[in-house]
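>>> no sequence on hand, only this structure:
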């Protein structure tokens, strides 16, 4: 196998042989076992303007290639990426197929004493000849010409979209193991917050267990959470069948929250209007002709035995189970309607009694008149 120094010598000798006459300042200087060439070197040109000036020959767009001496196929090349005549779009390619590692690595390295300041270690710069690009995109990421990402002149980044309409526009997704289409994942643990607007803005976080936390920043000046503050659209909460809990759960039996109710409010509700939409069970049946109105004696007997009205829950039942507002209103209305029937019956009895009393008064008055007539005849 030919050694590296011999290969280097042969390569430099070939270059010298080809271009020794092209540059007046070109010369060989071999000292201390080292060979180097002074002056500009041209490949494909007799008038090199740079230290190494390469020009394609006979429509050959493969301009430059570097390979490691012990690699059979891996290389770095510079070529013309367009086949259009009189045009040159440079393409730098790193080719690697000997294993599954990366094909090209760009590294910007600084000394251990330079890790400070605000200047980036590497800069990718798209520019006009005399200024800044303001109209066309700056950078693109593609696979065999298929565009995957693009960055506009204003710094907007589009993923799977050719023209981003926001600072970050994601138009693609990946399907997870459960079949969910995910466009983005933010954070990597339960305590990773994503802030909006500023570090003191509202924030959101989630966890691998599946829960989601949305809250205003406790350090912010305005700590409200606004939903549809400008939109007249509907807000759907627990549309999938879960419960809505307002306030602390300290001392609350969680099992009771899953007993057919969707909303729990810790300290109560203040409202200007409340409408209970009952589908059935209103108390107009009390006024049906076949309704069996219990006698007051039966009502009295039940109260003395149970210490509450029939069909009305006791204080102990209310403490343990609460009350259904709609059902309770219906039961209270039933008692009001029953009380109305008792009142009507009582009024009828009073009127009948009054009629009897009036009749008795007339009869007494007539008797008095007869008595007085008899007394006056004597």
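Alright, I've got the coordinates. It should be emphasised that the depicted structure is a prediction, and the values quoted were computed from it without experimental measurement.

>>> just checking, residue 124 touches residue 140?
No - under the criterion of C-beta atoms under 8 Å, residue 124 is not in contact with residue 140, lying 11.6 Å apart. Where C-beta positions appear, they are placed from N, C-alpha and C, glycine not excepted.

>>> higher neighbour count, these two?
Taking residue 124 and residue 140 together and counting by other C-beta atoms under 10 Å, residue 140 has the greater number of neighbours (12 against 9).

>>> from residue 158, how far off is that one?
With distances taken as C-beta to C-beta, to the nearest Å, residue 140 is found 10 Å from residue 158.

>>> report the set of residues contacting both of these two.
Residues touching both residue 140 and residue 158 (C-beta atoms under 8 Å, 6 or more residues apart in numbering): 149, 150, 151.

>>> what lines up beside the helix or strand hosting the second one in the sheet?
Spelled out, that is residue 150. If you go by DSSP states H and E, residue 150 is part of strand 146-151. With DSSP bridges as the test, strand 146-151 is paired with strand 139-143 (antiparallel), strand 157-159 (antiparallel).

>>> just how off-centre is the longest one within its chain?
If I follow you right, that is strand 139-143. Centroid separation for strand 139-143 versus its chain: 27 Å, with C-alpha atoms, centre = their mean, to the nearest Å.

>>> check the shortest one too.
Between the mean C-alpha point of strand 157-159 and the mean C-alpha point of its chain there is a distance of 18 Å (C-alpha atoms, centre = their mean).

>>> just to revisit the earlier point, which stretch among the strands paired with strand 146-151 comes nearest residue 298?
Among those, the nearest to residue 298 by C-beta to C-beta is strand 157-159 (76.9 Å).

>>> so for the following helix or strand past the closest one, what gets flagged as buried?
Sequence-wise, the next helix or strand downstream of strand 157-159 (DSSP H and E) is strand 168-170. Judged by neighbour count (16 or more other C-beta atoms under 10 Å), strand 168-170 contains these buried residues: residue 169.

>>> list the helices and strands strand 168-170 packs on?
Secondary-structure packing of strand 168-170 (3 or more C-beta pairs under 8 Å, 6 or more residues apart in numbering; DSSP states H and E): strand 157-159.

>>> for residue 288, give me the pLDDT.
pLDDT recorded at residue 288 is 92.

>>> and residue 372, by the same measure?
88.

>>> next one: the one 3 residues further on
Among the per-residue scores, residue 375 shows a pLDDT of 86.

>>> assumed it was part of a helix.
Yes - checked against DSSP: H, G, I helix; E, B strand; the rest coil, residue 375 lies within a helix.

>>> can you pull the buried residues of stretch 295-306?
Across stretch 295-306, burial judged by 16+ other C-beta under 10 Å covers residue 299.

>>> tell me the gap between it and the middle of its chain.
60 Å.

>>> what's the answer for stretch 177-185, then?
In terms of C-alpha atoms, centre = their mean, the centre of stretch 177-185 is set 12 Å apart from its chain centre.

>>> all good on my end, thank you.
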